[in-house]
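Q: no FASTA, just this:
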């Protein structure tokens, strides 16, 4: 039997007719005083799982959130819904903070957002002791995992919430965790008795595509022009310098792009993030410092122009696309140099052998996803312990790659590396190895007498690009190693011997020639899926313009007023009365009162 209080809050405050997936079970479990560990994909509706119980239970829901910059938007969105919400963080002056503290003590807050480092101060803990707490919600709970991609040491102190408030339910939420990370989260947050809710990790609206690097900034620009002109998107880079260069390049080519990385001042970062959230069609070029908890629903693409370090990081970052459930693109370009660079970074990383081995395993899983000849989504979800059939919405399903017997080609590469080391005591990087195999007459090959090697010119039948693919896959499979002491030169591994002796056959992935380019098929598919019927489009455009003006006057992002999905539904349904409008998803009581007349006027 469902809890009528929860159902009432969902409809009245948030404007939704029914819960999705596990939401109802989670909400009722927490309302009943139970602890929960919730794994739900980005855009799956995690926030409702603690917001609804906080509004039903007596007292204030205390939300631990790692990003100060996002608290403001979360609080703005709740205030628009008529929820009494506030935050405590270091951006406030003492007068504002004192007002928030007093409102909490007076029982005038439904939800209070606090950063973990603020929560753990004596002043904040004493404040919470004096008030009435409905629940603790620990958002982005993977931050507690030391093997995770977003580890925050201050999260380790949150286990004391259970000791100080044993009767207050706690709900920990994340979009990214393997089975091992789940166990770690439960242990570190003292959630051993918590009930686990694991939703499907699948985001069927996202199209996953991984291409071989070939002038990557040009490839990125082609993607944006062909498929995402005027769309909001995020581009991830590995270094700050690359962020700056890429943002400049996109701006010079007419794309509204902004940089974001830890080297920029706090004011510039906050300003750029604010523009990304509040304006349409902004592309944010960023390091992984950007994005955790971003609520913007209409990000139409996430592009990686450098190889992510782990599948968890990749999944978390791509999940920022298409939170509204509409078609979106996750695009990654990677190449031989990415593999060399990542292997070298692992070898040079501080930490013990166990730590480096773990990093190596994470990279191997990421490389496996890149090189797979089976459905990307099957491979991605298998990493999180979930099984699905081929998705039909990734590049492998849409354009199945060919595989070819690369055993002889691999033997040629390994033989070249072996002979250079055995006969000359020399090690070289990938570029020079390829020159030797292709019999290229260069100053370097002449200088070292490499044209006399028996392997010189044995690979003239393959293009330079094809050889780069072979080398990349040998590195990915651990059949070649990067010798970091030799500045990224190549060396044989234990596994090389079986290939050299012909004891192991190697099937390699062959990239089609057009694979490196952005391609336009995805653009047509996307446009068709998002297009409205011709008679609804003018109303949708008018509603968006109206929403933009309202958002500007309130100083909030447009999606805080209404999501695109809600405006689409209004444009299609054309409600003629307040009652009809009230049944549209996303139109709660407060928004109906505030905006109902304006909307009905536009519809009429």
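A: Good, I have the coordinates. Every value quoted in this text rests on a predicted model; they were computed, and no experiment measured them.

Q: residue 571 is in contact with residue 532, isn't it?
A: Yes - Residue 571 lies in contact with residue 532 (Cβ atoms under 8 Å); the separation is 6.3 Å. For the C-beta atoms, the positions are set from N, CA and C on the backbone; glycine is no exception.

Q: who has more neighbours, these two?
A: residue 571 (22 against 15; other Cβ atoms under 10 Å).

Q: quick one: the more buried one from residue 541, how far?
A: 9 Å (Cβ to Cβ, to the nearest Å).

Q: residue 390 too?
A: For residue 390, the distance to residue 541 - Cβ to Cβ - is 37 Å.

Q: check residue 54 too.
A: 36 Å.

Q: who's more crowded, the two?
A: residue 54 (27 against 13).

Q: the more buried one looks like it's in a helix, true?
A: Yes - checked against DSSP: H, G, I helix; E, B strand; the rest coil, residue 54 lies within a helix.

Q: per-residue confidence for it?
A: With respect to pLDDT, residue 54 scores 97.

Q: how much space between it and residue 196?
A: 21 Å.

Q: quick one: contacts for the closest residue to residue 25 other than its chain neighbours?
A: Sequence neighbours aside, residue 197 is the residue nearest to residue 25 in space, at 6.8 Å (criterion: Cβ to Cβ, 6 or more residues apart in numbering). By Cβ atoms under 8 Å, 6 or more residues apart in numbering, the residues touching residue 197 are 22, 25-26, 36-40.

Q: can you mark which positions in stretch 151-162 are buried?
A: Buried residues in stretch 151-162, defined by neighbour count with 16 or more other Cβ atoms under 10 Å: 152, 154-156, 158, 161-162.

Q: now, those that are in helices?
A: 161-162 (DSSP state H).

Q: and residue 36, what are its bridge partners?
A: residue 171, residue 195 (DSSP bridges).

Q: shouldn't it be in contact with residue 25?
A: No - counting by Cβ under 8 Å, residue 25 is not a contact partner of residue 36; they are 9.3 Å apart.

Q: so which of those two has more stuff around it?
A: Taking other Cβ under 10 Å, residue 36 and residue 25 do not tie; residue 36 has more neighbours (25 against 15).

Q: in the chain, what helix or strand scores lowest on average pLDDT?
A: helix 521-530 (a mean of 46; mean pLDDT, DSSP states H and E).

Q: would you map the helices across the stretch 251-400 of the chain?
A: 266-278, 311-318, 336-348, 353-371, 376-383, 395-398 (DSSP state H, counting those that start in this stretch).

Q: which strands and helices sit next to the fifth one?
A: Right, the one you point to is helix 376-383. Helix 376-383 is packed against strand 206-212, helix 311-318, helix 353-371, helix 395-398, with contacts defined by 3 or more Cβ pairs under 8 Å, 6 or more residues apart in numbering; DSSP states H and E.

Q: got the angle for it vs strand 206-212?
A: 100 degrees (axes from the mean of the first three to the mean of the last three Cα atoms, to 10 degrees).

Q: now do helix 376-383: everything it contacts.
A: By Cβ under 8 Å, 6+ apart, helix 376-383 touches 178, 200-202, 208, 210, 311, 315, 365, 368-369, 372, 387-391, 393-397.

Q: keep only those of the contacts of residue 197 that are in strands.
A: 36-39 (DSSP state E).

Q: now for the residue nearest to residue 51 when sequence neighbours are not counted, how many residues are close by?
A: The shortest distance from residue 51 to any non-neighbouring residue, by Cβ to Cβ, 6+ apart, is to residue 111 (6.7 Å). Using other Cβ under 10 Å, residue 111 is surrounded by 24 other residues.

Q: do residue 268 as well
A: By other Cβ under 10 Å, 14 other residues sit near residue 268.

Q: and the pLDDT at the residue of the chain most remote from its centre?
A: Outermost residue of the chain with respect to the C-alpha centroid, by Cα atoms, centre = their mean, is residue 452; its distance is 50.0 Å. Note on residue 452: pLDDT of 87.

Q: likewise for residue 374?
A: pLDDT at residue 374 comes out at 87.

Q: excluding chain neighbours, what is closest to it?
A: residue 396 (6.6 Å).

Q: next one: the one you found from residue 308, what distance?
A: According to Cβ to Cβ, residue 396 and residue 308 sit 18 Å apart.

Q: more neighbours, those two?
A: Neighbours were counted for residue 396 and for residue 308 using other Cβ under 10 Å; residue 308 has more, 26 against 21.

Q: quick one, strands of the stretch 351-500 of the chain?
A: 402-405, 480-483, 489-492 (DSSP state E, counting those that start in this stretch).

Q: related to what we said a few turns ago, compare the helices of the stretch 251-400 of the chain and give me the one nearest residue 602.
A: Using Cβ to Cβ as the measure, helix 266-278 is the one of the helices of the stretch 251-400 of the chain that comes nearest residue 602, at 21.7 Å.

Q: circling back: could I get the helices and strands packed on helix 376-383 as CSV with mean pLDDT and distance to residue 18?
A: As requested, the helices and strands packed on helix 376-383 are exported to CSV (pLDDT from 0 to 100; distance: least, Cβ to Cβ, whole Å):
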stretch, mean pLDDT, distance to residue 18
strand 206-212, 95, 24
helix 311-318, 90, 27
helix 353-371, 88, 35
helix 395-398, 93, 31
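
Q: what's the most buried one of these?
A: helix 311-318 (a mean of 24; mean count of other Cβ atoms under 10 Å).

Q: what packs against it?
A: strand 299-304, helix 353-371, helix 376-383.
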